[in-house]
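Chemist: all I have is the shape, not the residue letters:
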């Protein structure tokens, strides 16, 4: 309990907070993620990340520590639990802190609160943090879109958006390619619903969502068949007047992929199973290739698959739901990134598309 006597709420400027705003050290808005049962925390206001350090501190250092305790995302202070996890996984916290204990402030009867510990989190640098940061501007657009709904957005969209935060939290705490794939799948589930909306109406998200770097292909490659299949399909690019694979599964403009199409465009994602939807896309792209007299193969991708991958798909040895969600999640990648070709070659196998 060393230092708790100095842990008092104050009024002043700390971590870029304006004067007159009451602040408390290492206290942020609650993010209902990372709990065994998140629902019980959804209505709570704040959580505290109590620091643990190994080295001795003098009283002056301790006072400064609690007065100016640093937990930053980029150049601004962390505002919620997910951002605090991002701060500790990028070492954007004060030196000397080895880990944090996360406490949730739960309201009891009346105005009394109880602090419930909900895990210990080591301070360590994770290479996935930079990739998570790429999501920030995209998710900000999603959040702005959700705020347009009055009095509240559709429950399905809220749940899918929350699932993305849950997977981000898992990445920041645990890391690893398997967690990255789960995050891509959560993104894909959200993207599928957003892309199906009528973008000609006032309540729309604007332009198609994109902005992730090619490094996502590298960091999310967990060696699974589902990831390789999704990446191979997602790597099918524009040829002639036929748009990229995104224009076949979402109503994006084949000539200007940063815009939505008028109507269905070249979308052919039809059928009651993933395999049938893929057949529908193949048929439409081959038909358009003949109609537009394309010289190149309209289904050739930058990532090639092995015969064992194809065999597993044909024999049903895959999770089709996971595969489809990963595919839609990969739509957020900038496939015109110059580094994509290099990364695609590392994922490819000697074989066919």
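Modeler: All right, it came through fine. Computed from a predicted structure; not experimentally measured. Residues are numbered from 1 along each chain as shown.
Chemist: burial count for residue 255?
Modeler: 12 (other Cβ atoms under 10 Å). All C-beta atoms are positioned from the backbone trio N, CA, C, and that covers glycine.
Chemist: what's the spacing between it and residue 261?
Modeler: 9 Å (Cβ to Cβ, to the nearest Å).
Chemist: swap in residue 277?
Modeler: Taking Cβ to Cβ, one finds residue 277 at 18 Å from residue 261.
Chemist: the stretch 1-150 of the chain: strands as residue ranges?
Modeler: 10-11, 22-23, 27-29, 46-53, 72-73, 76-77, 97-107, 113-122 (DSSP state E, counting those that start in this stretch).
Chemist: state the mean pLDDT of the second one.
Modeler: Here strand 22-23 scores 54 as its mean pLDDT.
Chemist: which stretches of the stretch 251-353 of the chain aren't confidently modelled?
Modeler: Along the stretch 251-353 of the chain, segments meeting pLDDT under 70 span 348-353.
Chemist: pipe the strands of the stretch 1-150 of the chain into CSV and attach mean neighbour count and distance to residue 209 per row.
Modeler: Output for the strands of the stretch 1-150 of the chain, formatted as CSV (neighbours: other Cβ atoms under 10 Å; distance: least, Cβ to Cβ, whole Å):
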stretch, mean neighbour count, distance to residue 209
strand 10-11, 12, 40
strand 22-23, 14, 34
strand 27-29, 18, 24
strand 46-53, 20, 29
strand 72-73, 19, 21
strand 76-77, 16, 23
strand 97-107, 18, 30
strand 113-122, 13, 29
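Chemist: to residue 288, which of these lies closest?
Modeler: Nearest of the strands of the stretch 1-150 of the chain to residue 288, taken as Cβ to Cβ: strand 72-73 at 44.4 Å.
Chemist: can you redo the strands of the stretch 1-150 of the chain as CSV with distance to residue 148?
Modeler: Listed next are the strands of the stretch 1-150 of the chain as CSV, based on distance: least, Cβ to Cβ, whole Å:
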stretch, distance to residue 148
strand 10-11, 35
strand 22-23, 30
strand 27-29, 21
strand 46-53, 27
strand 72-73, 25
strand 76-77, 24
strand 97-107, 30
strand 113-122, 32
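Chemist: residue 336 belongs to a helix?
Modeler: No. Read with DSSP: H, G, I helix; E, B strand; the rest coil, residue 336 is coil and lies in no helix.
Chemist: when you give positions from now on, start the count at 21
Modeler: Sure, I'll start numbering at 21, so the last one becomes residue 356.
Chemist: and it, how far from residue 322?
Modeler: Noted for residue 356: a distance of 11 Å to residue 322, by Cβ to Cβ.
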